[in-house]
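1. structure of the sequence below:
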Amino acid sequence: MSAKIPPPVSMRRRPSRSVPATISAIVMLALGVGLVWAAVARLIQGSWPAFVTEPVRWLSETGWDSTRGWTGAVVLLLIGVILLLCGMLPGDFSALPLRAKPVNMPGLPGAGESGGVPSVRGGETVVMSRRAVARLAASTCDHIDGVASASATASSRKVHLDVTTALHGTTDLQHWVVDGVRSRLAATGLDPVPEVTATIRTRD
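-> Coordinates of the predicted model:
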């Protein structure tokens, strides 16, 4: 008896799209409130408010082949294309991959010599968020002699450290910080290990 294990699914995290989503939601909310207000004013006063009649009049006086008509069409087209691309294009991979160890499941046939535990075929994708990588790098710096404080930023390929020290000679400390953080990230299992850079500032 053998178990079929599906191949690993490639992970690609999409960004939150919070900015275009928020802008779109605010615009639609404003349009909805405006239409409700206009409808209530029409029922009470018997006429549409100016913010409805003026755009309608402007549109009725604008020809399809006029400069204003073409300008409005191009603007609306650009807005639509931008929103469409925001929804369709995948975002930048916002996590760093880790080397995943084979998953061993006891009790399955085909066990190896090590305790009767076989290695499951297939694999899994393990990632570490950029924020977690930055925090790990900063906490690693805190344990290095000479470092007073440290902060870090991480991208998919690079980790940058801002280190404050009371030392006046910072050349050796910079090497210690870069080498120490790089070794810690490698030991964590990041693959590939991002480039590590550091800026050392002497505290007054």
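2. helix, strand, or coil at Leu96?
-> Of the three states, Leu96 takes strand under DSSP: H, G, I helix; E, B strand; the rest coil.
3. number of residues surrounding it?
-> When counting by other C-beta atoms under 10 Å, one arrives at 24 neighbours for Leu96. For glycine as for every other residue, the C-beta is placed from the backbone atoms N, C-alpha and C.
4. need the pLDDT of it.
-> On the pLDDT scale, Leu96 is placed at 80.
5. quick one, what contacts it?
-> Val127, Met128, Ser129, Arg130, Val133, Ala154, Ser156, Leu190, Pro194 (C-beta atoms under 8 Å, 6 or more residues apart in numbering).
6. just the buried subset of those residues, written out for PyMOL, thanks.
-> Command for PyMOL that selects the buried part of the contacts of Leu96, burial taken from 16 or more other C-beta atoms under 10 Å:
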select buried, resi 127+128+130+133+154+190+194
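7. quick one: which of the contacts of Leu96 sit in strands?
-> Residues of the contacts of Leu96 located in strands (DSSP state E): Val127, Met128, Ser129, Ala154.
8. domain parsing for the protein?
-> Domain segmentation of the chain under automatic domain parsing yields 18-88, 129-202.
9. and which of the ones in strands among the contacts of Leu96 is nearest to Trp48?
-> Nearest to Trp48, judged by C-beta to C-beta, of those is Ser129 at 51.9 Å.
10. state the mean pLDDT of the lengthiest helix in the chain.
-> Secondary structure of the chain read by DSSP state H shows that its longest helix is helix 18-45. Mean pLDDT, helix 18-45: 86.
11. so what secondary structure elements neighbour it?
-> In terms of contacts (3 or more C-beta pairs under 8 Å, 6 or more residues apart in numbering; DSSP states H and E), helix 18-45 is packed against helix 50-61, helix 67-88.
12. pick out the shakiest of those helices, pLDDT-wise.
-> Sorting the helices and strands packed on helix 18-45 by mean pLDDT places helix 50-61 lowest, at a mean of 80.
13. in stretch 57-76, which residues are buried?
-> Applying 16+ other C-beta under 10 Å to stretch 57-76 flags no residue as buried.
14. starting at the chain centroid, how far to it?
-> 38 Å (C-alpha atoms, centre = their mean, to the nearest Å).
15. for it, how far is the first residue from the last?
-> From its first residue to its last, stretch 57-76 covers 19 Å (C-alpha to C-alpha, to the nearest Å).
16. what of stretch 157-175?
-> 19 Å.
17. buried sites along that stretch?
-> Buried-residue list, stretch 157-175, by 16+ other C-beta under 10 Å: Val159, His160, Leu161, Val163, Thr165, Thr170, Leu173, Gln174.
18. three-state assignment of Thr199?
-> strand.
19. helix, strand or coil for the closest residue to it other than its chain neighbours?
-> Once flanking residues are discounted, Thr199 sits nearest to Asp162: 5.3 Å by C-beta to C-beta, 6 or more residues apart in numbering. Going by three-state DSSP, the secondary structure assigned to Asp162 is strand.
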